[in-house]
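**Student:** when you get a sec, could you give me coordinates for this:
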Amino acid sequence: MSALNHERITKGLERMPHRALLYATGISREDMSKPFIGVATSWNDLIPGHVHMRTLERFIERGVFAAGGVSFFFGIPGICDGIAMGHEGMRYSLPLRELIADSVESVAMAHAFDGLVLLTNCDKITPGMLMGLMRLDLPGIVVTAGPMLTGNYRGRKLSLAKDTFEAIGRFKAGEIDAEELRELEMRACPGPGSCQGLYTANTMACVTEALGLSLPFCATAPAVEAEKLRIAQDSGHRIVELVKNGVTARGIANRRAFTNAIRVDMALGGSTNSVLHIPAIAHEAGVELPLELFDRISKDTPHLVSMQPGGNWCMEDLHRAGGIPAILSVLKGKLEDNTTVSGRTIRKIAAEGAVTDPQVIKTLSNAHSPEGGIAILKGNLAPEGAVVKQSAVKPEMRRFKGRAIVFDCEEDAMKAVMGGRVGRGSVIVVRYEGPKGGPGMREMLSLTAAIVGMGLADHVELITDGRFSGGTKGPCIGHISPEAMVGGPIALVKNGDMIEIDMPRRVLSVDLKAKEFAARLRKWKAPAPKVTTGYLVRYARMVTSASTGAICR
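**Tutor:** Got it, this is the predicted structure:
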């Protein structure tokens, strides 16, 4: 083993004060020569996906010490997107990603860790930690804390998006009564873990495993099962070996790894938020991923698993069917070989993987669709691109023409939908909700779930410069770039304009001539910022377009 990184704070006469402070934490003289492993933990009492992490911390610690390392735990903030949804709190969800990356970088650099274990689970927390790790290029391993089990009501499986957010609209439409509503509220989320479908948290866990930065089965092993504890312990053991062998994060997360991760994401039909997070992580790793790459891979990757919210299967089903190794086994001919934190190559893991339930994981020849879950649309309404989860859109809604009904914020659109003021055949346009305009690019699960619950999903389409929860299904197109706040074409749309959506042709356009666009742009003025104090002001000033991953410069 070569010299350890932490020797810069422990070696030499001039480091006597540093050693004294470290001894004050309780470590021994013998510990001073062992690898120092930082464990970034996002445990808190706020997020269901994180409340059980104290036990996982113990098992990570066991693994680190068993392998001859010393663990140092430090906290990382977290936000539950479901709790933040539909109010001012959602403005902070995506911006938190940058704070997390900065936190991981700052603590690891200041304390000269030799390696990092990232204990994470939900939404922006996982990509934020990965961004910090990529900046540092230390040996690192990710432990995602596992998905929640499904709830149960009268023998029917329950999940968060379908049985709470969408249930609001079904109740409003008179499909369910108040008693069932109360039962769903209590039963939909039965315990710890990230929400059950292939929403953003679980999408990013699967992406992380496909990148090679988590041990096999880490993404899908349920939060409450002993298997997750063993993975945590093995991860603690493995990080010490990575340090001793000098295997760093960028040595694993190269362009081949990112290409494989995108392919797995497309095969699963993951959250559209992955199109924000994967490029942002890659950017920190020095790998540029143009938006077009997602579409190119999607066209060459069949959709293998029909997961909630668009399908019927949940994470526990995917795990029982073989997890990510099983997905890799089906895709093995399309993968680029690369090393992983396990010490095995991705093709080796694919060769060992096996589909144990062909009803859940299809073959290439009988896939749900010949294309992957996500499509990138372009046109005069989205010159830099827009994103749609096409796997969650019914085939008959993938081509659509309708008149625009325009809203300058999510709340106004929500009131119109719930008030029955959106007619069939409309294209709902929600703007000034992008990274700068939001600010923070709020998710709109409350709105999209209301559209489904009110029975409008087969009759209207929604387009926005904002974004959607991984729990969103239906014809919802987000990330329209450039956004309205910087004068993008979506800012110039008026009520009644005819909008065309053609997902197979990858087209999103409005029936306006360039001359009319130019005339409207001359009259356009950016509205006053919605937030004028605090962190979001700085964030809005630094953040870039959704087409770049909404990174900050």
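
**Student:** give me the pLDDT for the nearest residue to Thr120 once chain neighbours are set aside.
**Tutor:** Leaving out its chain neighbours, the residue that sits closest to Thr120 by Cβ to Cβ, 6 or more residues apart in numbering is Thr126, at 4.6 Å. For the C-beta atoms, the positions are set from N, CA and C on the backbone; glycine is no exception. According to the prediction, Thr126 has pLDDT 98.

**Student:** show me what contacts Thr126?
**Tutor:** Leu118, Thr120, Val142, Thr144, Ala201, Met204, Ala205, Thr208, His277 (Cβ atoms under 8 Å, 6 or more residues apart in numbering).

**Student:** what residues are up against the nearest residue to the fifth one once chain neighbours are set aside?
**Tutor:** Okay, so that is Ala201. In space, Ala201 comes closest to Ser194 once its chain neighbours are excluded; the distance is 3.7 Å by Cβ to Cβ, 6+ apart. Contact analysis of Ser194 by Cβ under 8 Å, 6+ apart lists 48-49, 121-122, 144-148, 201-202, 205, 223, 315.

**Student:** show me these that map onto helices.
**Tutor:** Ala201, Asn202, Ala205, Met315 (DSSP state H).

**Student:** would you reformat those residues as CSV and include pLDDT?
**Tutor:** Output for these, formatted as CSV (pLDDT from 0 to 100):
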residue, pLDDT
Ala201, 97
Asn202, 97
Ala205, 98
Met315, 97
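
**Student:** can you pick the most crowded of the contacts of Ser194?
**Tutor:** Using other Cβ atoms under 10 Å as the neighbour criterion, Asn202 leads those with 34 neighbours.

**Student:** wait, it sits on Ala219?
**Tutor:** Yes - look at Asn202 against Ala219 with Cβ atoms under 8 Å: they come within range, at 7.1 Å.

**Student:** about what we covered before: want to throw the ones in helices among the contacts of Ser194 into a markdown table with distance to Gly420?
**Tutor:** What follows is those, written out as a markdown table (distance: Cβ to Cβ, whole Å):
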| residue | distance to Gly420 |
| --- | --- |
| Ala201 | 33 |
| Asn202 | 34 |
| Ala205 | 39 |
| Met315 | 35 |
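
**Student:** ok, those residues vs Ile490, which is closest?
**Tutor:** If you rank those by distance to Ile490 using Cβ to Cβ, Ala201 comes first, at 28.3 Å.

**Student:** secondary structure class for Ile499?
**Tutor:** Secondary structure assignment for Ile499 (DSSP: H, G, I helix; E, B strand; the rest coil): strand.

**Student:** over to Val417?
**Tutor:** helix.

**Student:** which of the ones in helices among the contacts of Ser194 sits closest to Leu133?
**Tutor:** Distances from Leu133 to the ones in helices among the contacts of Ser194, taken by Cβ to Cβ, are shortest for Ala205, at 15.1 Å.

**Student:** quick one, what contacts that closest one?
**Tutor:** By Cβ under 8 Å, 6+ apart, the neighbours of Ala205 are Asn121, Thr126, Thr144, Pro147, Ser194, Ser214, Cys218, Ala219, Thr220.

**Student:** ok, Asp81 next?
**Tutor:** Met90, Ser93, Cys122, Asp123, Lys124, Thr200, Glu443, Ser469 are the contacts of Asp81 under Cβ under 8 Å, 6+ apart.

**Student:** give me the pLDDT for it.
**Tutor:** At Asp81, the model reports a pLDDT of 93.

**Student:** and stretch 343-362, what's buried?
**Tutor:** Arg344, Ile346, Arg347, Ile349, Ala350, Gly353, Val355, Val360, Ile361, Lys362 (16 or more other Cβ atoms under 10 Å).

**Student:** would you check how far apart the last one and Arg398 are?
**Tutor:** Yep, that's Lys362 we're talking about. For Lys362, the distance to Arg398 (Cβ to Cβ, to the nearest Å) stands at 20 Å.

**Student:** please apply the same query to the second one.
**Tutor:** Counting by Cβ to Cβ, the gap from Ile346 to Arg398 is 32 Å.

**Student:** before we move on, back to that, can I have the buried ones of the contacts of Asp81 as a PyMOL selection?
**Tutor:** With 16+ other Cβ under 10 Å as the criterion, this PyMOL line picks the buried residues out of the contacts of Asp81:
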select buried, resi 90+93+122+123+124+200+443+469
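
**Student:** pipe the contacts of Asp81 into CSV and attach distance to Arg255 per row.
**Tutor:** Written out in CSV, the entries for these read as follows (distance: Cβ to Cβ, whole Å):
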residue, distance to Arg255
Met90, 33
Ser93, 28
Cys122, 27
Asp123, 25
Lys124, 24
Thr200, 23
Glu443, 29
Ser469, 29
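
**Student:** what about the contacts of Asp81, which are in strands?
**Tutor:** Among the contacts of Asp81, no residue falls in strands (DSSP state E).
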